[in-house]
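# Generate coordinates for the sequence data below:
(chains A, B, C and D)
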Protein chains: 2
Amino acid sequence: MGKASRDMAVRDAAAATARLRHAGLRPTRQRVELASLLFQDHDRHVTAESLHDEVTAAGVKVSLATVYNTLHQFTQAGLLRQVIVDASRSYFDTNTGEHQHFFIEDEGHLIDIPGEAIAVAGVPTPPDGLSVERVDVVVRVKRG
Amino acid sequence: MGKASRDMAVRDAAAATARLRHAGLRPTRQRVELASLLFQDHDRHVTAESLHDEVTAAGVKVSLATVYNTLHQFTQAGLLRQVIVDASRSYFDTNTGEHQHFFIEDEGHLIDIPGEAIAVAGVPTPPDGLSVERVDVVVRVKRG
DNA sequence: TCACAGTTTAGAATCGTTCTAAATCCGTTG
DNA sequence: CAACGGATTTAGAACGATTCTAAACTGTGA
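Alright, predicted model coming up:
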């Protein structure tokens, strides 16, 4: 292992810790581990189970309940965004900026579409006492 | 009860039966009941449970399993469209034409947005061997 | 170092949905 | 119009994702 990757690993944990503190979350062992995995890449899409598998494969022991708790806490803290595309499971996206998604239904796989790329025109004013929270666009794609 | 509503009821069952036959589905008692309820209004959004409650309240005995089966069969037959907006339950829409939705998260309530109203521009070409199946737009709204 | 609120955990519980195998129904045939 | 056979319905079990619970543990400020 070279110097760069060692530094990387160190920086990951430090960056994760800083990020957690900044978000008002106590940097516990589990949260730091999960944050390191999640935020090493800019655009990640995970489910509770995929993340649990990943952290477990990395040799770290974190319960599934904690993964669920953590995903929700991160989401509430604005570190993650929940993406609803599949009736049977929830995805979480490390990209919290404005953007949309391709969803490959057969594979259960998401791909980001940059926010600038897509424009939604003509959204009507919502009825009476309602206000727009967010506009989600899902482009469902298939093989072939 | 006046003549009009009596005629309505008759027409409902007859229309439902015709609709089922046309879709290649045997018009069983349960399917006719459910179709009558579903297609009396043009734009309905139901969940399996809401429809089950409704049919039960109407004094008709249909099992929840049959409601699920029927919703899926109707969807496959093109009589319904499934709408994915909520991680915890599936909605079915009697409007199968091109259109989008407001989703009132607090109430779990959907409102149609006509297809002509909304325009989505700039959807990128999907990667390699993928083709666009459908573009779903969900306008999430809140009280206030 | 201590204490305590915050966090994690295993396992049970819950929720929507699907499955299973048996009972029933419907349309056709004889 | 009775009987047959495949389609349909059903109750209840099973399932998978998620949440809850109560007990054990762990950061952090004093």
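# Could you pull out the strands in chain A for me?
Assigned by DSSP state E, chain A shows strands spanning A:45-46, A:81-83, A:91-93, A:99-104, A:109-114, A:119-121, A:130-143.
# Contacts (any at all) between chain B and the shortest one?
No - in this structure, strand A:45-46 remains apart from chain B according to Cβ under 8 Å from any Cβ of the partner chain; the gap is never smaller than 14.5 Å. Just so you know, the C-beta spots here come from the backbone N, C-alpha and C atoms, and that holds for glycine as well.
# Which elements pack onto that strand?
strand A:91-93 (3 or more Cβ pairs under 8 Å, 6 or more residues apart in numbering or on different chains; DSSP states H and E).
# Next, count neighbours for residue A:115.
Neighbourhood size, residue A:115 [other Cβ atoms under 10 Å in any protein chain shown]: 12.
# Quick one: name the residues of chain A near chain B.
Counting by Cβ under 8 Å from any Cβ, the positions of chain A adjacent to chain B are A:82, A:84-87, A:89-90, A:102, A:104-105, A:111, A:113, A:117-124, A:126-127, A:129-144.
# Are any of these buried, and if so which?
In terms of neighbour count (16 or more other Cβ atoms under 10 Å in any protein chain shown), the buried residues within the residues of chain A next to chain B are A:84-86, A:90, A:102, A:104, A:111, A:113, A:118, A:120, A:123, A:126, A:130, A:135-141.
# Tell me the bridge partners for the most centrally placed residue in chain A.
The structure's chain A has its C-alpha centroid closest to residue A:93; by Cα atoms, centre = their mean the separation is 2.4 Å. Judged by DSSP bridges, the bridge partners of residue A:93 are residue A:45, residue A:81.
# is DNA strand D contacted by stretch A:79-99?
Yes - using Cβ under 7 Å from any atom of the strand, stretch A:79-99 reaches DNA strand D at A:88, A:89, A:90.
# what does that stretch rub up against?
For stretch A:79-99, the external contacting residues (Cβ atoms under 8 Å, 6 or more residues apart in numbering or on different chains) are A:19, A:23, A:35, A:38-39, A:41-49, A:51, A:71, A:74-75, A:78, A:101, A:103, A:105, A:108, A:110, A:112-115, A:136, A:138, A:140, B:82, B:84-87, B:89-90.
# and that stretch with DNA strand C, contact?
Yes - residues of stretch A:79-99 contacting DNA strand C under Cβ under 7 Å from any atom of the strand: residue A:87.
# That stretch spans what distance, first to last residue?
Separation of the first and last residues of stretch A:79-99 by Cα to Cα, to the nearest Å is 15 Å.
# What mean pLDDT does that stretch get?
For stretch A:79-99, the mean per-residue pLDDT is 96.
# if I look at the residue of chain A positioned farthest from its centre, how far off is residue B:78?
Largest separation from the mean C-alpha position in chain A: residue A:128, at 32.9 Å (Cα atoms, centre = their mean). With distances taken as Cβ to Cβ, to the nearest Å, residue A:128 is found 33 Å from residue B:78.
# now residue A:98
Taking Cβ to Cβ as the measure, residue A:98 falls 34 Å from residue B:78.
# now swap in residue A:77 and tell me
Relative to residue B:78, residue A:77 is positioned 43 Å away (Cβ to Cβ).
# Compare those two (neighbour count), which wins?
Using other Cβ under 10 Å, the more surrounded residue of residue A:77 and residue B:78 is residue A:77, with 14 against 9.
# hang on, that one packs against residue A:23?
Yes - taking Cβ atoms under 8 Å as the definition, residue A:77 is a contact partner of residue A:23 at 4.0 Å.
# Residues of chain A that sit close to DNA strand D?
A:26-29, A:47-49, A:64-65, A:68, A:72, A:88-90.
# Return the closest of the residues you listed with respect to residue A:57.
Nearest to residue A:57 out of the residues of chain A next to DNA strand D is residue A:49 (Cβ to Cβ; 12.2 Å).
# what about that closest one, how many residues close to it?
With other Cβ under 10 Å as criterion, residue A:49 counts 12.
# could you list every residue that touches it?
Counting by Cβ under 8 Å, 6+ apart, residue A:49 touches A:64, A:89.
# Please read off the pLDDT at it from the model.
Here the pLDDT value assigned to residue A:49 is 97.
# Across the sheet, point out what pairs with residue A:121.
With DSSP bridges as the rule, residue A:121 is bridged to residue B:119.
# Please verify my assumption that residue A:112 contacts residue A:101.
Yes - the pair residue A:112 and residue A:101 passes the contact test of Cβ under 8 Å, sitting 6.3 Å apart.
# I'd like the distance between the closest residue to residue A:12 other than its chain neighbours and residue B:135.
If the residues on either side of it in the chain are set aside, residue A:12 comes closest to residue A:36, at 4.4 Å by Cβ to Cβ, 6 or more residues apart in numbering or on different chains. As judged by Cβ to Cβ, residue A:36 and residue B:135 stand 35 Å apart.
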